[in-house]
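Student: Okay, predicted coordinates and the sequence, questions at the end:
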Amino acid sequence: MGEILLTMRGICKSFPGVKALNNVDFTLRAGEIHALMGENGAGKSTLIKVLTGVYPKDTGEISVEGQPIAIHSPQDAQKNGIATVYQEITLCPNLTVAENMFIGRNENLVVDWGKMVKRSDELLKNLGIPARPKQQLGSCSIAVQQMVAIARAVDMNCKVLILDEPTSSLDDKEVEMLFSLMRDLKSRGVGIIFVTHFLEQVYAVSDRITVLRNGELVGEYVVEELPQVELVAKMMGKELEGLSDLDKNRGKSSAAGESLYEAENLSSSEAKPFDFQIAKGEVNGFTGLLGSGRSESVRAIFAADKVTGGKVRMKGKQLNINTPYQAMKAGIGYLPEDRKRDGIIADLSVRENIILALQVMKGFFHPMSKAQMSGFADEYIRALEIKTASQDTPVGSLSGGNQQKVILARWLLTHPEYLILDEPTRGIDVGTKTEIQRLVLKLAEEGMSITFISSEIEEMLRTCSRLIVMRDRKIVGELKGEELTQSNVMRTIAGGGKENA
Amino acid sequence: MTANSVSTNEAITARRREPVSNATLLTCISIGIFLTMYIVAIITLKGGFTKPQQVFDILNNNAHLIIIACALTIVMINGSIDISVAGVVALVSMVSVMFLKGRLWPAEGMSDGVRVALAACIAVGIGLMFGLVQGTLIAYLDIQPFIVTLAGMFFARGMITIVSAEPLQLTVSNEPGILTIVQHRIEMMFLGSPNKKGVIIPARMEVGVIAALLVVVIIAVILRKTRLGRHFYAVGGNRQSALTLGINVKRTRFQAHLISSLLAGIAGFVFMMHNVSGNATNATAGEMDAIASSIIGGTLLSGGVGNVIGTFFGVMILATIKLIVVASGLREPWWQTITTGAMLCFFILLQSVVLSRRGHKMKLPPWLKLTKG
Ligand SMILES: Nc1ncnc2c1ncn2[C@@H]1O[C@H](COP(=O)(O)OP(=O)(O)OP(=O)(O)O)[C@@H](O)[C@H]1O
Ligand SMILES: [Mg+2]
């Protein structure tokens, strides 16, 4: 292992009402991949933002290659060879892809568009990113935007590369690509800080792990010496009761009742016509690669995109669902995949965000009492272990994973008959993840129908009794019962298909 | 088809031409509307519209507006606003008229040319002063731009009456030399048209128009080609992102306001050359016309989108509309205001319809569609 590249000593950082970091130490060596782990709200993103000058630190020291340095702004960090990909995408949607890769990096006074486009084209090709240099960034999918951010960081010839949950919106193939890139940079002596909630990924690429809990340092470990279970225990501060008893639950939900929702030839501006049905108390899921149309399909069910055709029946009754409001009235709830754009209202408080959907359902002329509202909010903050200073904290200041939980609470509160969860566990720590899976199974037992989408096949297998497999925007297979195995799913996704293209 | 073919498909599309961006589309719409409007005016109203001089009249009367509209475009792209510009225009025109009249300090022994040049320097200086103060307050002390520039506007308007309580005017009897310089007109014989007696009268353009056109071109180049310009867009697109991308957001915002007020100073001098007067009511509500022109030209008030070519046509559209209203026999001034308002509503509606249609991929020709997003 190389010499010490970066040290942070005694870092403290408080926000109004929260001590986000308390006396945290962190050491990064040249040529290592160092995982930074912790539950939602443990302070990972904050530590990174202190390092990159987005937030000023209260106390503490940072030194690079033994030299103490002062970092007051992201420019300072860049000058010191620290490149960052943040958890939330921090690029400019109104600029082109090429510009987003080069802006703010000691450019010349005059922009050479030709050269910039050419270099970004090379980079995009090299990394296999499906974007065009002159394309507006805002018109790319979230995953592609994330990869553009990574490409930018990679191109900076940095000494320290920080990746804050870079894989949460990438599919397996893309993750593998990112990993080989990381290993390549590592062999060139770059130190990489890697934040993720996927334990397998940590063990796949990292050399060392630093664990944070509640803003405090738990310890630094060499990967080989820290078994997975112990890591989880360290993060949570308690032992994880086995995932295994969840597995026993599986199949229970497959005892399908009468049909709840049926769609025939449903299509939207984004989704090709498809048939779909779900029974009362059933948990099923759409799976497929990113961009295979799984999100688009559920968006069509909720009418989140413009519905262009098809018949919909709810409990045998023909219905018109053309707006999300009508869908909600019919008893459908939907947790969107892209919560920054579709879900969270950053300036409103945690309570208001939780109450929102219920209030819309009731109509704005039937206000709820303050006590009622805070009662509901309290219940879900506790149930989902949302880490927030109070109910009145603006959601925007919560950690990424906790924002996700707030939206989940919002939909659970409306008690829909049919709930659609698109990537509900993205960016959520293992402990809460199992908690959410358990909750899904419990709700199904109580008679709620649930459609579950996740990039983790493991998780889908654990919760769903039926999987609908999509490829190239078409449904290519359906798996249930005995067929539900990892390899079967993979094979269907990859296309051992029966149909000829 | 295998799963891999998805990415190959996308790779192939890389070689396809980019679809027109929203910003370009909005600009093209405003250019199109200007041309249509003008052609319709030529056909139905005839009169002055058939002569090239009409275009130059519009330019002569609105040169200062073109410049402050460019200023507004810059700050709006940057996600900010500046409503002090017209106040600065009025103040600058008053101060430079006073200076040229020798009222600020006696200017014996100074040639007329030197005096005009000095007046121009004073104009630019006043603009810079406003820019420095407003820019510092907005960018470094993080005070709302609307409030700062509102205060700037009141300050400028108030200063005018302090500088001189009564309106001032350059006159042929008192300042003949200076008047010939500032009112110099460029004559273009080949664009001339015959008067009633059949004598060809050349088309005349004021020097201020050249200044305005230069400003448009220079700002267009700055916005498109320079680091500074691209930073304006980045900061307007998403300030937090711009910061994490390593852009000095404070400095960029400061620069936007500095340039804006500087342009207002220049516009004030151009206004003075056209009007040769100083008056507290000069260029009243000019900032509103400038904002309207920018918006009509495709600049979004929310920041990050816009360009000065569109803004130029925005000014032309507004001016032409007013002329058409008058030429149609509606001479009361409120008709102009009403049509301006109606025009603005129409444009904003048009913009949002076009943008949302593109977003929804409804029945539009393929070149109008946004790519998958
Ligand atoms: N801008 C802010 N204002 C107030 N509080 C904040 C702000 N940013 C973070 N916090 C608080 O600091 C704590 C740590 O947040 P941080 O984002 O570092 O967590 P994290 O470890 O990245 O979690 P996650 O895995 O959910 O992303 C949280 O309690 C959060 O609410
Ligand atoms: Mg985080």
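Tutor: It's in. Bear in mind the structure is a predicted one, so any value in this text is a computation, not a measurement. Numbers count the residues shown, from 1 in each chain, chains lettered A, B, ... in the order given. Ligands and ions are numbered 1, 2, ... in the order given.
Student: alpha carbons only for contacts and neighbour counts from here, please
Tutor: Fine.
Student: residue ranges with poor pLDDT in chain A?
Tutor: A:1, A:238-256, A:290-291, A:338-343, A:364, A:495-501 (pLDDT under 70).
Student: Helix, strand, or coil at the spatially most central residue of it?
Tutor: Nearest residue to the geometric centre of chain A (C-alpha atoms, centre = their mean): A:R426, 3.2 Å. The three-state label given to A:R426 by DSSP: H, G, I helix; E, B strand; the rest coil is coil.
Student: Pull the contacting residues for it.
Tutor: Shown in contact with A:R426 (C-alpha atoms under 8 Å, 6 or more residues apart in numbering or on different chains): A:S168, A:S169, A:G401, A:S454.
Student: Name the residue of the stretch 351-500 of chain A that lies nearest to chain B.
Tutor: A:A494 (6.1 Å; C-alpha to the nearest C-alpha).
Student: What are the boundaries of the strands in the stretch 51-200 of chain A?
Tutor: A:59-64, A:67-68, A:82-85, A:160-164, A:191-195 (DSSP state E, counting those that start in this stretch).
Student: Can you tell me which of these is most buried?
Tutor: Each of the strands of the stretch 51-200 of chain A was scored by mean neighbour count; the highest is strand A:82-85, a mean of 27, by mean count of other C-alpha atoms under 10 Å in any protein chain shown.
Student: so who does the residue of the stretch 201-350 of chain A found nearest ligand 1 touch?
Tutor: Going by C-alpha to the nearest ligand atom, ligand 1 is nearest to A:G215 of the stretch 201-350 of chain A, at 6.8 Å. The neighbourhood of A:G215, defined by C-alpha under 8 Å, 6+ apart, consists of A:K19, A:A20, A:L21, A:N22, A:V24, A:G41, A:A42, A:G43.
Student: what's the answer for A:A357, then?
Tutor: A:R410, A:W411, A:T414.
Student: what secondary structure does it sit in?
Tutor: Assigned with three-state DSSP, A:A357 falls in the helix class.
Student: Now the longest strand anywhere in chain B: average pLDDT?
Tutor: Counting by DSSP state E, the longest strand found in chain B is strand B:185-194. The pLDDT scores in strand B:185-194 average 81.
Student: Direction included, what does it pair against?
Tutor: For strand B:185-194, the paired strands and their directions (DSSP bridges) are strand B:200-206 (antiparallel).
Student: Dump the partner strand to PDB, restricted to CA.
Tutor: The C-alpha coordinates for strand B:200-206 follow below in PDB (Å, rounded to 0.1, in the frame of the first residue of the first chain):
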ATOM      1  CA  ILE B 200     -33.700  61.000 -53.300                       C
ATOM      2  CA  ILE B 201     -33.300  61.400 -49.500                       C
ATOM      3  CA  PRO B 202     -30.500  59.200 -48.100                       C
ATOM      4  CA  ALA B 203     -31.300  56.800 -45.200                       C
ATOM      5  CA  ARG B 204     -29.900  58.200 -42.000                       C
ATOM      6  CA  MET B 205     -28.500  56.200 -39.100                       C
ATOM      7  CA  GLU B 206     -27.200  57.600 -35.800                       C
END
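Student: Walking through the stretch 401-501 of chain A, point out its helices one by one.
Tutor: Per DSSP state H, counting those that start in this stretch, the stretch 401-501 of chain A carries helices over the ranges A:430-445, A:457-463, A:486-494.
Student: Okay, buried residues for the longest one please.
Tutor: Okay, so that is helix A:430-445. By 16 or more other C-alpha atoms under 10 Å in any protein chain shown, the buried positions in helix A:430-445 come out as A:430-438, A:440-441, A:443-445.
Student: Quick one: distance of that helix to the chain centre.
Tutor: How far helix A:430-445 lies from its chain's middle: 17 Å, per C-alpha atoms, centre = their mean, to the nearest Å.
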